[in-house]
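S.K.: only the shape, not the letters, is given here:
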């Protein structure tokens with residue numbers, strides 16, 4: 001919950017003050033909170049809660065910051081779209097490798113040591129980004145003062161509503177997979193299902209990012225979410241382990257492409273000067289949906305069994321598509337940017353975000369702003 005609150009607030013601060021001046025102290029503060037928790041453990045409990053509150057609230061909005069940074073690093077629109085796809089693929093790799101690294105650290109050392117190791121890796125990654133030249137030079141475009149910030153864009157609100165349900169679907173799948181494994185051989189089966197889901201997303205993201213797709217991303221997003229929702233439906237059949245693993249892989253194929261396309265749509269619909277905050281809201285909404293899906297799938301499994309458990313992600317996928325279709329007038333297609341020769345910034349010249357009104361970003365021409 002602290003992370004969900006902190007991400008948009010820190011994202012807004014990044015848009016106002018730059019990446020380095022916000023994310024560097026945030027990363028250090030969050031790390032100190034995690035170190036405190038690793039040292040004190042659960043006793044005393046109030047200190048443990050305070051440590052987690054600090055660690056979550058000050059987690060740097062690295063995902064939003066990186067996605068805001070891509071247009072100033074890459075000079076062509078197709079390169080930015082490919083970077084978003086690889087970003088989504090990297091997330092799948094992280095979600096697969098992260099738990100394994102934690103398990104290995106606990107087995108070799110201890111729970112506290114695992115926390116410290118993962119924390120050190122996270123801080124090192126954040127520092128690697130925020131001290132880099134592109135991050136130090138990046139500046140958001142001037143923004144209109146508004147208390148809603150990025151949330152004043154109707155198109156962004158529609159996207160957040162849809163991806164809340166996609167997050168819900170993924171959280172529910174994790175719970176339903178464990179319930180399925182309990183009936184078909186234990187934890188190894190659960191790991192196989194989730195790994196298949198990740199491999200499917202990995203393959204889908206690589207294929208999606210490997211080519212330029214025609215048409216507006218808003219229309220393409222509806223098609224990708226429809227395919228994603230369709231892939232969740234067969235999971236309710238709960239067949240044998242081999243077929244279920246295949247279905248899990250198929251269900252994951254359109255996840256990374258949908259995420260990559262959503263990143264493009266966020267960039268096109270975020271109000272000027274709020275792009276980091278907008279991406280941070282997407283992360284927050286997705287994480288909250290994931291938590292809700294976990295909470296809903298548990299009772300569904302207890303009351304009805306494995307099939308109703310997998311009905312929750314199916315319902316989440318359908319709901320995500322329904323939001324996009326019902327409110328598609330708010331996600332109107334935006335004019336495609338016109339690419340022009342890029343002029344690299346001088347060492348003393350800060351890089352501005354891809355500003356749709358002023359065209360301050362090399363390689364992109366101004367377009368209508370949501």
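M.R.: Right, received. Where do you want to start? On a predicted model such as this, the values are computed, not experimentally measured, just so you know.
S.K.: mind listing what residue 38 touches?
M.R.: Listed by CB atoms under 8 Å, 6 or more residues apart in numbering, the contact partners of residue 38 are 112, 113, 115, 116, 119. C-beta here means a position set from N, CA and C on the backbone, and glycine is covered the same way.
S.K.: the fourth one contacts residue 37, correct?
M.R.: Think residue 116. No: using CB atoms under 8 Å, residue 116 and residue 37 do not qualify as a contacting pair, with a distance of 10.0 Å.
S.K.: neighbour count: these two, which is higher?
M.R.: More neighbours surround residue 37 than the other of residue 116 and residue 37, with 21 against 18 (other CB atoms under 10 Å).
S.K.: was I right about the more buried one contacting residue 44?
M.R.: No: Residue 37 lies out of contact with residue 44 (CB under 8 Å); the separation is 11.8 Å.
S.K.: any of the contacts of residue 38 buried? List them.
M.R.: Neighbour counting by 16 or more other CB atoms under 10 Å classes 112, 115, 116, 119 among the contacts of residue 38 as buried.
S.K.: JSON lines please, covering the contacts of residue 38 and showing pLDDT, distance to residue 303 and secondary structure.
M.R.: Shown next, in JSON lines, are those (pLDDT from 0 to 100; distance: CB to CB, whole Å; DSSP: H, G, I helix; E, B strand; the rest coil):
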{"residue": "112", "pLDDT": "89", "distance to residue 303": "37", "secondary structure": "helix"}
{"residue": "113", "pLDDT": "89", "distance to residue 303": "39", "secondary structure": "helix"}
{"residue": "115", "pLDDT": "89", "distance to residue 303": "35", "secondary structure": "helix"}
{"residue": "116", "pLDDT": "90", "distance to residue 303": "40", "secondary structure": "helix"}
{"residue": "119", "pLDDT": "87", "distance to residue 303": "38", "secondary structure": "helix"}
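S.K.: closest one of these to residue 236?
M.R.: residue 115 (37.2 Å; CB to CB).
S.K.: state the distance from that closest one to residue 79.
M.R.: 37 Å (CB to CB, to the nearest Å).
S.K.: mind listing what's buried in the helix or strand encompassing residue 97?
M.R.: Here residue 97 is covered by helix 77-108, with elements defined by DSSP states H and E. The neighbour-count check on helix 77-108 (16+ other CB under 10 Å) flags 77, 79-89, 91-92, 96, 105 as buried.
S.K.: what's the local residue count around residue 138?
M.R.: Other residues within reach of residue 138, judged by other CB under 10 Å, total 24.
S.K.: ranges for the helices of this protein?
M.R.: For the chain, the helices defined by DSSP state H cover 2-17, 19-40, 45-57, 62-73, 77-108, 111-130, 133-137, 154-183, 187-209, 217-232, 241-252, 255-269, 275-304, 306-326.
S.K.: quickly list the domain ranges of the protein.
M.R.: Residue ranges for the domains of the chain, per automatic domain parsing: 2-139, 149-330.
S.K.: what's the most buried one of those?
M.R.: Stretch with highest mean neighbour count among the domains of the chain: domain 149-330 (a mean of 21; mean count of other CB atoms under 10 Å).
S.K.: compute the first-to-last residue distance for it.
M.R.: This stretch, domain 149-330, spans 17 Å end to end (CA to CA, to the nearest Å).
S.K.: next one, pLDDT for the residue most central in space within the chain please.
M.R.: Taking CA atoms, centre = their mean, the centroid of the chain lies closest to residue 283, which sits 4.6 Å from it. At residue 283, the model reports a pLDDT of 90.
S.K.: right, and it touches residue 66 too?
M.R.: No: if you go by CB under 8 Å, residue 283 and residue 66 don't touch, sitting 11.0 Å apart.
S.K.: list the contacts for the closest residue to residue 279 other than its chain neighbours?
M.R.: Spatial nearest neighbour of residue 279, chain neighbours left out: residue 64 (3.3 Å); criterion: CB to CB, 6 or more residues apart in numbering. Going by CB under 8 Å, 6+ apart, residue 64 touches 7, 11, 14, 275, 276, 277, 278, 279, 280, 282, 283.
S.K.: in a markdown table, list those along with distance to residue 156.
M.R.: What follows is the contacts of residue 64, written out as a markdown table (distance: CB to CB, whole Å):
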| residue | distance to residue 156 |
| --- | --- |
| 7 | 15 |
| 11 | 13 |
| 14 | 17 |
| 275 | 10 |
| 276 | 13 |
| 277 | 10 |
| 278 | 6 |
| 279 | 10 |
| 280 | 11 |
| 282 | 8 |
| 283 | 13 |
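S.K.: just to check, residue 175 is in contact with residue 302?
M.R.: No: between residue 175 and residue 302 there is no contact under CB under 8 Å: 10.3 Å.
S.K.: could you list the low-pLDDT ranges of the stretch 101-250 of the chain?
M.R.: The stretch 101-250 of the chain contains residues with pLDDT under 70 at 145, 187.
S.K.: where does the stretch 251-370 of the chain have low pLDDT?
M.R.: Looking at the stretch 251-370 of the chain by pLDDT under 70, you get 333-370.
S.K.: re the thing from before, of all the buried ones among the contacts of residue 38, which two lie farthest apart?
M.R.: The widest separation within the buried ones among the contacts of residue 38 (CB to CB) is 10.5 Å, between 112 and 119.
S.K.: of all the buried residues of helix 77-108, the one with the weakest confidence?
M.R.: The member of the buried residues of helix 77-108 with the lowest pLDDT is residue 96, at 71.
S.K.: wait, that residue sits on residue 198?
M.R.: Yes: checked against CB under 8 Å, the pair residue 96 and residue 198 is within contact range at 4.7 Å.
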